[in-house]
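In: Would you be able to build a 3D model of this:
(chains A and B)
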Amino acid sequence: DARVTQTPRHKVTEMGQEVTMRCQPILGHNTVFWYRQTMMQGLELLAYFRNRAPLDDSGMPKDRFSAEMPDATLATLKIQPSEPRDSAVYFCASAPVGQETQYFGPGTRLLVL
Amino acid sequence: AQSVTQLDSQVPVFEEAPVELRCNYSSSVSVYLFWYVQYPNQGLQLLLKYLSGSTLVKGINGFEAEFNKSQTSFHLRKPSVHISDTAEYFCAVKTPSSASKIIFGSGTRLSIRP
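Out: Numbering: from 1, shown residues only, chains lettered A, B, ... in the order given. Alright, predicted model coming up:
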């Protein structure tokens, strides 16, 4: 049963530190999404890629967030420097070619102190 | 632009009772509609989706939803809930364009009482 994997599952860090979250999409899926979930804002789309090219990152704070896909099996989301307001659960999701269903990973729970 | 509204942030029901979770959308063009479920400490997973065709859509775990274009609604129903249905449910909307983004509602927390 193919799944999206995310590492780390939990991360506690101090304000100002760099945080890197990783996602391995399901093999063969060509679209990858990054979401952030908080109690206050709900589920927000940060960025998404198709065939490794960024299609939309308008939901991402550009000054401190960056998202990349070094290859088809790895997507990264980086925060530098991190701030307490970045504390949230970050989800990666992938979708296969021509399909609308998104498959979510288990999330990375980030706490910035 | 599309939007989706889930008016009920929480819905408590007794076990084996029926449930309806409401979802309304706004769009000037045709849409695809989805319901996703999020169990505690997990990611979202698809319950069901409407792309075209029959307006009554059946999903996993005994859930179904009906697309009502005139009322711009896509309410989720289950005739008899179980403790294991305790989760948060998200309605979502998207246009058929491959470049469009899926828009999620704010979620409805379903809590089942024994």
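In: What segments of chain A are strands?
Out: A:5-7, A:10-13, A:19-24, A:31-38, A:42-50, A:53-56, A:65-71, A:74-79, A:88-95, A:103-104, A:108-112 (DSSP state E).
In: The fifth one near chain B at all?
Out: Yes. Between strand A:42-50 and chain B, judged by Cβ under 8 Å from any Cβ of the partner chain, the touching residues are A:42, A:43, A:45, A:48. Any C-beta I mention is one placed from the backbone N, CA and C, and that applies to glycine too.
In: Of the residues you listed, just say which sits nearest to residue B:34.
Out: The closest of those to residue B:34 turns out to be residue A:43 (Cβ to Cβ; 12.4 Å).
In: If the closest one is in a bridge, with which residues?
Out: As for beta bridges, residue A:43 partners with residue A:37 under DSSP bridges.
In: Any residues of chain B in contact with chain A? List them.
Out: Remark: the part of chain B in contact with chain A comprises B:32, B:34, B:41-46, B:49, B:51, B:90, B:94, B:99, B:101-102, B:104-107, using Cβ under 8 Å from any Cβ.
In: let's go with 7 Å and repeat that
Out: B:32, B:42-46, B:49, B:51, B:90, B:94, B:101-102, B:104, B:106-107 (Cβ under 7 Å from any Cβ of the partner chain).
In: who's in contact with the residue of chain B found nearest chain A?
Out: At 3.2 Å from chain A, residue B:43 is the closest residue in chain B, using Cβ to the nearest Cβ. Listed by Cβ atoms under 7 Å, 6 or more residues apart in numbering or on different chains, the contact set of residue B:43 reads A:91, A:104, A:105, A:106, A:107.
In: same deal with residue B:26?
Out: Residue B:26 neighbours (Cβ under 7 Å, 6+ apart): B:2, B:3, B:72.
In: Residue B:103 now?
Out: B:2, B:3, B:4, B:92, B:93, B:94.
In: got a list of what the residue sitting nearest the centre point of chain A touches?
Out: In chain A, the residue lying closest to the centroid (Cα atoms, centre = their mean) is residue A:34, at 3.4 Å. Residues counted as contacts of residue A:34 (Cβ under 7 Å, 6+ apart) are A:46, A:47, A:67, A:77, A:90, A:92.
In: what does chain A put close to chain B?
Out: Within chain A, the positions lying close to chain B (Cβ under 7 Å from any Cβ) are A:42, A:43, A:45, A:56, A:91, A:100, A:101, A:102, A:104, A:105, A:106, A:107.
In: ok, back up a step: lowest-confidence entry in the contacts of residue B:26?
Out: In terms of pLDDT, residue B:2 ranks lowest among the contacts of residue B:26, with 83.
In: Chain neighbours aside, what residue packs nearest to that residue?
Out: residue B:27 (4.4 Å; Cβ to Cβ, 6 or more residues apart in numbering or on different chains).
In: pLDDT score for the one you found?
Out: pLDDT at residue B:27 comes out at 89.
In: The residue sitting nearest the centre point of chain B in helix, strand or coil?
Out: Closest to where the C-alpha atoms of chain B average out (Cα atoms, centre = their mean) is residue B:35, at 3.4 Å. Assigned state for residue B:35: strand (three-state reduction, DSSP: H, G, I helix; E, B strand; the rest coil).
In: Please look at it and residue B:75 and confirm they touch.
Out: No. Using Cβ atoms under 7 Å, residue B:35 is not in contact with residue B:75; the gap is 9.5 Å.
In: Give me the common contacts of those two.
Out: residue B:65.
In: Provide a list of residues in contact with residue 42.
Out: Going with chain A. Residue A:42 neighbours (Cβ under 7 Å, 6+ apart): B:106, B:107.
In: Please refer instead to chain B.
Out: By Cβ under 7 Å, 6+ apart, the neighbours of residue B:42 are residue A:106.
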